[in-house]
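A.B. asks: Turn this into a structure:
(one chain, ligands or ions: 1)
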Amino acid sequence: MGVLSMPPFCVMLCVQLRGKGSDAMDYLWSPWRYQYMALVTGGKQPECIFCDSLARKDDAETLIVHRGEKTFVILNRFPYTSGHVMIVPYAHVSELNSCDLGTLAEMMKLAQSTEMALRAIYKPDGMNLGMNLGRAAGAGVLGHLHLHVLPRWIGDSNFMTVTGETRVHPEELKTTYERLHKVLA
Ligand SMILES: [Zn+2]
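C.D. replies: Sure, this is the predicted structure:
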């Protein structure tokens with residue numbers, strides 16, 4: 001062989017450079033570290049991006065793909081992989097202990113629907129579901145808990161993200177929004 005070749009899918013990927021020195025696993029659960037709202041609001045940071053997104057009532061803009069009775073599903077604006085969403089209670093609470101049973105049940109019910117939707121749309125090899133509670137655990141939005149759900153593919157991190165210090169975005173957020181909104185709404 002001896003010929004330099006790239007896997008064929010590389011051609012189709014849109015790759016965004018990450019900052020030097022950042023840690024891939026840290027980044028996985030710290031999606032808001034890139035000053036998301038500073039970009040969206042032109043430098044003015046709201047106290048809580050989840051409460052702010054809910055109040056704005058422009059779901060296509062704030063990327064809320066589903067509003068339930070007690071919880072909602074919102075796209076991560078800086079996804080680790082395409083289809084990276086968060087399931088969030090309407091109530092601004094930082095601990096599961098502060099959630100009533102209805103909220104907890106709906107979060108898991110939405111986790112189930114989201115899992116099914118992501119499997120149907122993206123056909124991933126696996127999925128991550130997880131929460132960071134508190135700064136020491138890597139929470140990007142302090143004060144308002146949220147459950148990350150994201151599809152994973154074999155090689156999605158060890159190829160680009162870890163060795164190349166890059167993130168892989170095969171899909172525009174608007175497309176992800178439309179696809180998930182159609183299934184979850
Ligand atoms: Zn909040």
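
A.B. asks: Quick check: pLDDT value at Phe9.
C.D. replies: pLDDT recorded at Phe9 is 33.

A.B. asks: other SSEs contacting the lengthiest helix in the chain?
C.D. replies: Determined from DSSP state H, the single longest helix within the chain is helix 101-122. Under the contact definition 3 or more C-beta pairs under 8 Å, 6 or more residues apart in numbering; DSSP states H and E, helix 101-122 sits against strand 71-75, strand 85-89, strand 126-130, strand 147-152, helix 173-184. Any C-beta I mention is one placed from the backbone N, CA and C, and that applies to glycine too.

A.B. asks: Give me the angle between it and helix 173-184.
C.D. replies: If you take axes from the mean of the first three to the mean of the last three C-alpha atoms, to 10 degrees, helix 101-122 sits at 120 degrees to helix 173-184.

A.B. asks: ok, now how distant is Glu172 from Thr114?
C.D. replies: 20 Å (C-beta to C-beta, to the nearest Å).

A.B. asks: higher neighbour count, those two?
C.D. replies: Thr114 (26 against 11; other C-beta atoms under 10 Å).

A.B. asks: OK, contacts around that one?
C.D. replies: Thr114 makes contacts with 73, 85, 87, 149, 184, as judged by C-beta atoms under 8 Å, 6 or more residues apart in numbering.
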